[in-house]
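S.K.: What follows is a predicted structure for the sequence shown.
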Amino acid sequence: MGQIISYLCKWRYPRTYKSNYETIVSQQDNNESKPPEQHCIINISDQNETEKQEAVDQAEKDYHKLDDDDDHGNEQIVVEDAVQVEVVVENNVSTTTNTTISNSNRIPSEISSVKRIGQYNSTQKILLVGDGDFSFSASLALAFGDSALNITATSFDSQEFLMNNYGKFFGNKAHLQARGSKVLHDVNANKMAKHPILINYLYDRVIFNFPHAGRFTHTDSNLQKHQKLIRGFLRNAKKMIEDDGEIHITSKCNGFYLKWDIPKLGSDLGLHLFQEMKFKRGKYPGYNTKYGFGGDKNFDCNPSKTYMFRLL
């Protein structure tokens, strides 16, 4: 028997979010009749292993072609379509899997679900820089669950320093490692592109929340130190992202912090600031904004923004 591919229909489902993070599911209004499910049948029972894989790959390509004429408008919107794929592996034996197809080429072709928290999802390769007590990284990992292999969390300080200063560090690190996330210490944001481990990877998102040079008086000299830190981070991060990757810097956006002029620092390095978004800590359960130079106190992060850059 040859390969039989039958796409019965193609539907888009609205997404609703019941909490800060959850698995994407397809839903229909209770007052509307349920449309037919998207279904793909692939019969590969009489093919060898190479031919079987080629059949599945071709089915995926054919499905993508259905979207060629779609105009999704705003490039910030990522639309996922769920399709049920039935693969006939042997006579009278089939397996069914849910496949998510997206108009974003960063999403893998076959995953059971996409998990989100805030503006991040479990299909993105994420590098977190200077993450204090690792509570932000842990928040993402807990949201992604067994899909947290995509996270690499780093700190500027040593593990010993973090254990001595942050009461919840060890628990946060355990959450990350239990879910397969990478955890690295002694990573300098201004030199990370040459780090012996990080140099081997490219990322979809590189994130630095509340960078600070450890100078608290509002002098011109200290302003230059803060800007030097951010400039060095951006210079390294742009070497570490995919062609369609993004660099996110979250910083307070009032008073002295506005003088840092993060948008200009990015522009001077050939980066495109495509969005500024108000940062809401509450979207990331468990995240604590710790001072990065000892002590276990939280600082007030309001008001703050996330500046999002892309390569030109």
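M.R.: That came in fine, so what should we check first?

S.K.: Please enumerate the strands of the stretch 201-312 of the chain.
M.R.: Under the criterion DSSP state E, counting those that start in this stretch, strands of the stretch 201-312 of the chain are mapped to 203-209, 241-252, 271-278, 304-311.

S.K.: Now render the ones you listed as JSON lines, adding mean neighbour count, distance to Phe169 and mean pLDDT.
M.R.: Where C-beta positions appear, they are placed from N, C-alpha and C, glycine not excepted. Shown next, in JSON lines, are the strands of the stretch 201-312 of the chain (neighbours: other Cβ atoms under 10 Å; distance: least, Cβ to Cβ, whole Å; pLDDT from 0 to 100):
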{"stretch": "strand 203-209", "mean neighbour count": "23", "distance to Phe169": "16", "mean pLDDT": "98"}
{"stretch": "strand 241-252", "mean neighbour count": "20", "distance to Phe169": "20", "mean pLDDT": "98"}
{"stretch": "strand 271-278", "mean neighbour count": "14", "distance to Phe169": "28", "mean pLDDT": "98"}
{"stretch": "strand 304-311", "mean neighbour count": "20", "distance to Phe169": "22", "mean pLDDT": "98"}
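
S.K.: could you redo these as CSV and give each row distance to Ser158?
M.R.: Output for the strands of the stretch 201-312 of the chain, formatted as CSV (distance: least, Cβ to Cβ, whole Å):
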stretch, distance to Ser158
strand 203-209, 19
strand 241-252, 24
strand 271-278, 30
strand 304-311, 27
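
S.K.: So which of the ones you listed is nearest Thr219?
M.R.: strand 241-252 (17.3 Å; Cβ to Cβ).

S.K.: related to what we said a few turns ago, looking at the strands of the stretch 201-312 of the chain, which is closest to Asp220?
M.R.: Nearest of these to Asp220, taken as Cβ to Cβ: strand 241-252 at 18.3 Å.

S.K.: between that closest one and strand 203-209, how many degrees?
M.R.: Between strand 241-252 and strand 203-209, the angle comes out at 20 degrees (axes from the mean of the first three to the mean of the last three Cα atoms, to 10 degrees).

S.K.: Neighbouring strands - and their directions - for strand 241-252?
M.R.: Using DSSP bridges, the strands paired with strand 241-252 are strand 203-209 (parallel), strand 304-311 (antiparallel).

S.K.: number of nearby residues for Asn298?
M.R.: Using other Cβ atoms under 10 Å, the number of residues around Asn298 comes to 15.

S.K.: Kindly report the same for Leu128.
M.R.: Leu128 has 27 neighbours, counted by other Cβ under 10 Å.

S.K.: go on, the one 3 residues further on?
M.R.: Look at Asp131: counted by other Cβ under 10 Å, it has 26 neighbours.

S.K.: Show me where the stretch 51-200 of the chain has its strands.
M.R.: Counting by DSSP E, counting those that start in this stretch, the strands of the stretch 51-200 of the chain are 80-90, 93-102, 115-117, 120-121, 126-129, 151-154, 182-184.

S.K.: Compute the distance between Gly286 and Phe233, please.
M.R.: According to Cβ to Cβ, to the nearest Å, Gly286 and Phe233 sit 24 Å apart.

S.K.: cool, and His272?
M.R.: In this view, His272 and Phe233 are 17 Å apart by Cβ to Cβ.

S.K.: Over to Lys278?
M.R.: 21 Å.

S.K.: Surely Phe144 is in contact with Ser137?
M.R.: No - using Cβ atoms under 8 Å, Phe144 makes no contact with Ser137, being 10.6 Å away.

S.K.: residues contacting the closest residue to Ile207 other than its chain neighbours?
M.R.: Among residues not flanking Ile207 along the chain, His248 sits closest, at 4.7 Å (Cβ to Cβ, 6 or more residues apart in numbering). By Cβ atoms under 8 Å, 6 or more residues apart in numbering, the contact list for His248 reads 205-208, 306-309.

S.K.: and which of those is nearest to Asp186?
M.R.: For the contacts of His248, the closest approach to Asp186 (Cβ to Cβ) belongs to Phe208, at 16.1 Å.

S.K.: list the contacts for the closest one?
M.R.: 128-130, 189, 233, 237, 248-250.

S.K.: can we see that at 10 Å?
M.R.: Phe208 makes contacts with 127-131, 154, 189, 229-230, 233-234, 237, 247-251, as judged by Cβ atoms under 10 Å, 6 or more residues apart in numbering.

S.K.: Show me the helices in this protein, by range?
M.R.: Under the criterion DSSP state H, the chain carries helices at the ranges 49-65, 135-144, 159-165, 169-178, 220-237, 262-268.

S.K.: sorry, back to before: need the contacts of His248 in a markdown table with distance to Phe216, can you?
M.R.: Listed next are those as a markdown table, based on distance: Cβ to Cβ, whole Å:
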| residue | distance to Phe216 |
| --- | --- |
| Arg205 | 29 |
| Val206 | 26 |
| Ile207 | 23 |
| Phe208 | 19 |
| Thr306 | 23 |
| Tyr307 | 22 |
| Met308 | 27 |
| Phe309 | 26 |
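
S.K.: Right, I'll leave it there.
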